[in-house]
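**Student:** The sequence isn't on hand, but the structure is:
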């Protein structure tokens, strides 16, 4: 399926993912939300907290995709290296952002604004802040790169706000799902024929296993209602004829 | 933390991850299991079901890391392109593996061994099979690249078997965890000092949020019991002195 849709890549930063300590769910959230507004994720990568590796990956991704989203590594501790790395990637330097500092001062007015906390107000000089209503320390964006924290609950809220800017100009995907009780091995050849005939659509085939049943979900995605309708009709007719109990969603 | 430990990369293959349809848990399982036997994951990447992209990524990873693990794309349908892509990456060709065919014939003896199903018996000529006791269609490995299916329950069983070969020669990581009720912003500077002094260790700092409490988990990883013990003592003394209620695990 070819299209002129906006593409993006995701860079998940953190040793805790690579060591198996933590299951990354951030990339799934970002993919879901941006797919809903019609954007296409081309690649997700998880890399360690190493400045040079982060910096090189950001430079690679920002040239390759329309947008880049990073999560992780912008907290107050020594293993938070993302801001510095992104600054290097853009040949920029980290500066103390006055607005960020003001917000942190207010947030920690009954506590201590330690140097470690103040570190979170240093962002690349060309960056603009992304609001963080949960724990206040902001994210930021610079050109097409959006930099978020790694804590899922905080990301969730911050992403919602950033999403608004992407919603405007994107056309949503048209998507239909057909489930069947026949297995992939039975319907595989026919599916391939339909996919070949409808190469402007993407037909994904995903087996599912439930408590007392198994079967296949077919996900048909594309740009044209007419073409999707035609492909679905072909598939449903075929599945019906072969007692596959097709259901359209 | 530098070491001569064996490294690996993971390639997750599937449009369903990139579109947000499916949460990838396979990389987390592989990271956890191999970290437990002392191996280091350097990079996880998720890419679409596109032969050229898979092939290029496999070639990049297999030269960069000691081992590569892929999941997804070896099923019976048109969107399963991994075997072909891996074959191209090694300048090899897909052949009908007799042993794989025999197993599938037996498995489908009361059903139909369709062409779609038989597709799963085609592997690169230089590949060796990885047993699949669940759904029979095998995975395979070729040189340092291990190719698994994407269904988590099947991967889990197949990985267990492959793990045996890695367990022998690896020295396990030494790992200690210290939890504290102080926040990262308070302990950040001291942590950085300890990390600088103990640069043969890796000290990770991870905030946690529970129902009625929050705090930080410090994960101290390394090769030397003596050095880890020293670093833990420093941290615990500091946290104790600052009423951080440290607990060692």
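**Tutor:** Received, thanks. Values in this document were obtained by computation on a predicted structure and should not be read as measured data.
**Student:** secondary structure element for the residue lying closest to residue A:220 once chain neighbours are set aside?
**Tutor:** Computed as CB to CB, 6 or more residues apart in numbering or on different chains, the closest residue to residue A:220 that is not its neighbour in sequence is residue A:176, at 4.8 Å. The C-beta positions use only the backbone N, C-alpha and C, and glycine is treated the same way. Using DSSP states H and E, residue A:176 falls within strand A:174-180.
**Student:** distance of residue A:212 from residue B:127?
**Tutor:** Per CB to CB, to the nearest Å, residue A:212 is found 36 Å from residue B:127.
**Student:** Please identify which of these two sits among more neighbours.
**Tutor:** A count of neighbours by other CB atoms under 10 Å in any protein chain shown puts residue B:127 above the other of residue A:212 and residue B:127, at 24 against 4.
**Student:** Leaving aside the residues adjacent along the chain, what's closest to residue A:239?
**Tutor:** residue A:246 is the one closest to residue A:239 (CB to CB, 6+ apart), at 3.8 Å.
**Student:** Let me see the confidence value for the one you found.
**Tutor:** Predicted confidence (pLDDT) for residue A:246: 96.
**Student:** Might one say that it is in contact with residue A:234?
**Tutor:** No. Using CB atoms under 8 Å, residue A:246 is not in contact with residue A:234, being 11.1 Å away.
**Student:** between the two, which one's more packed in?
**Tutor:** Set residue A:246 next to residue A:234 and count neighbours by other CB under 10 Å: residue A:246 wins out with 21 against 15.
**Student:** rewinding a little: what about the residue nearest to residue A:220, distance to residue B:55?
**Tutor:** Separation of residue A:176 from residue B:55 (CB to CB) stands at 31 Å.
**Student:** And residue A:4, by the same measure?
**Tutor:** Using CB to CB, residue A:4 is found at 25 Å from residue B:55.
**Student:** These two: who's more crowded?
**Tutor:** More crowded of residue A:4 and residue B:55, by other CB under 10 Å: residue B:55, with 19 against 7.
**Student:** just how off-centre is the strand or helix carrying that one within its chain?
**Tutor:** For residue B:55, the element it lies in under DSSP H and E is helix B:51-64. Relative to its parent chain, helix B:51-64 has a centroid offset of 17 Å by CA atoms, centre = their mean, to the nearest Å.
**Student:** List the buried residues for it?
**Tutor:** Using 16 or more other CB atoms under 10 Å in any protein chain shown as the test for burial, helix B:51-64 gives B:51, B:53, B:54, B:55, B:57, B:58, B:59, B:60, B:61, B:62.
**Student:** Ok, stretch A:212-228 next?
**Tutor:** Residues A:215, A:216, A:217, A:218, A:219, A:220, A:221, A:222, A:223, A:228 are the ones in stretch A:212-228 that count as buried (16+ other CB under 10 Å).
**Student:** Make JSON lines out of these and add secondary structure.
**Tutor:** What follows is the buried residues of stretch A:212-228, written out as JSON lines (DSSP: H, G, I helix; E, B strand; the rest coil):
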{"residue": "A:215", "secondary structure": "strand"}
{"residue": "A:216", "secondary structure": "strand"}
{"residue": "A:217", "secondary structure": "strand"}
{"residue": "A:218", "secondary structure": "strand"}
{"residue": "A:219", "secondary structure": "strand"}
{"residue": "A:220", "secondary structure": "strand"}
{"residue": "A:221", "secondary structure": "strand"}
{"residue": "A:222", "secondary structure": "strand"}
{"residue": "A:223", "secondary structure": "coil"}
{"residue": "A:228", "secondary structure": "helix"}
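**Student:** No more questions from me, cheers.
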